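In: this one's sequence-less:
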């Protein structure tokens, strides 16, 4: 009688251990290698330096303000000052947004559009939320409130604006960054003229941002009837009264810290 062949399987070997299929291991390994390559070995599409970041910030502050102003005129039929600093046509949330999107997406320029969209959506939503929270926490100021809208998170951001940030990130990476790269290739950041202008812009923005923060802080104090008892408070009451700040930042209401 022929004997049945013995099997080499051992029922106890590896018992209780879930081993992923070979295909899954391959996908996970390739994904890990891709992330490692992007983070550690990819120098990015745009060479980032202080010169690049500063002018990205300044340019986006102006460009974003222009776009938002035109959008308000088209949608609401009236002009409204949307500036965010006391001097100059600057809206810093767009400057910070441009720098943040560039830093986070610079290494993913060749990635799928969906990846860029999702990263932009998260980065923009976080930026909006933190900015709204910061203005209310430090000055009792409110510039937007999305309460009651779909996907609202504390009224500070919502699904629709998250989608807009995602689309903005796609436009930024696919259209704007190539133009920015070509523009920066025409300018020598190490030339004396470029260094002087960059230093001047750095000093101006530093003073502009500092004065804006102090002026908003004093506006918040006035909103809760805190009298001017120091020379700084008297200075901002005289040179940056509520009428000036409200005409400059018409989309912002300051109620003061409670």
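Out: Everything's here; your move. Note that the coordinates shown come from a computational prediction; the quantities given were computed from them, not determined experimentally.
In: was I right about residue 69 contacting residue 76?
Out: No - the criterion here is CB atoms under 8 Å, and residue 69 misses it with residue 76 at 10.9 Å. Placement of C-beta: from N, CA and C, glycine included.
In: more neighbours, these two?
Out: When residue 69 and residue 76 are compared for neighbours, residue 69 comes out ahead with 17 against 9, by other CB atoms under 10 Å.
In: what helix or strand is that one on?
Out: helix 50-76 (DSSP states H and E).
In: Return the set of buried residues in that helix.
Out: Across helix 50-76, burial judged by 16 or more other CB atoms under 10 Å covers 51-52, 54-61, 63-65, 68-69, 72.
In: And those residues, which is closest to residue 160?
Out: Using CB to CB, residue 68 comes nearest to residue 160 of the buried residues of helix 50-76, at 15.7 Å.
In: and residue 181, how far is that from residue 47?
Out: According to CB to CB, to the nearest Å, residue 181 and residue 47 sit 8 Å apart.
In: got the contact list for residue 48?
Out: By CB atoms under 8 Å, 6 or more residues apart in numbering, the contact set of residue 48 is 102, 103, 106.
In: Save those residues as TSV, and put in neighbour count and distance to residue 120 too.
Out: Formatted as TSV, these follow (neighbours: other CB atoms under 10 Å; distance: CB to CB, whole Å):
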residue	neighbour count	distance to residue 120
102	24	11
103	15	12
106	17	12
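In: Among the residues you listed, name the ones in helices.
Out: Using DSSP state H, the members of those that fall within helices are 102, 103.
In: Take the contacts of residue 48 and lay them out in JSON lines including pLDDT.
Out: Formatted as JSON lines, the contacts of residue 48 follow (pLDDT from 0 to 100):
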{"residue": "102", "pLDDT": "90"}
{"residue": "103", "pLDDT": "88"}
{"residue": "106", "pLDDT": "86"}
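In: Including distance to residue 252, could the contacts of residue 48 go into CSV?
Out: Below are the contacts of residue 48 laid out as CSV (distance: CB to CB, whole Å):
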residue, distance to residue 252
102, 26
103, 26
106, 31
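In: For the residue at minimal distance from the centre of the chain, give me its contacts.
Out: Per CA atoms, centre = their mean, the C-alpha nearest to the average position across the chain is that of residue 97, at 2.7 Å. For residue 97, the contact set (CB under 8 Å, 6+ apart) comprises 60, 64, 124, 127, 165, 168.
In: And residue 251, by the same measure?
Out: Counting by CB under 8 Å, 6+ apart, residue 251 has contacts 80, 81, 82, 143, 144.
In: So it lies in a helix, does it not?
Out: No - judged by DSSP: H, G, I helix; E, B strand; the rest coil, residue 251 forms no part of a helix; its state is coil.
In: Would you map the strands across this protein?
Out: 141-142, 253-254 (DSSP state E).
In: As a check, name the ranges of all helices in the stretch 101-250 of the chain.
Out: 113-139, 159-171, 177-185, 192-223, 231-239, 242-248 (DSSP state H, counting those that start in this stretch).
In: Among those, which comes closest to residue 148?
Out: Once those are compared by CB to CB, helix 159-171 is nearest, at 12.3 Å.
In: what packs against the closest one?
Out: With contacts taken as 3 or more CB pairs under 8 Å, 6 or more residues apart in numbering; DSSP states H and E, helix 159-171 sits against helix 92-105, helix 113-139.
In: Now do the buried residues in the shortest one.
Out: Applying a neighbour-count criterion of 16+ other CB under 10 Å, one finds 92, 93, 94, 95, 96, 97, 98, 99, 100, 101, 102, 105 buried in helix 92-105.
In: Going by distance to residue 229, which of those residues wins?
Out: Taking CB to CB as the measure, residue 229 lies nearest residue 92 of the buried residues of helix 92-105, at 29.9 Å.
In: Can you give me the pLDDT of that closest one?
Out: Looking at residue 92, its pLDDT stands at 92.
In: Then residue 200?
Out: 97.
In: start the count at 47, not 1, going forward
Out: Yep, numbering from 47; the last one is residue 246 now.
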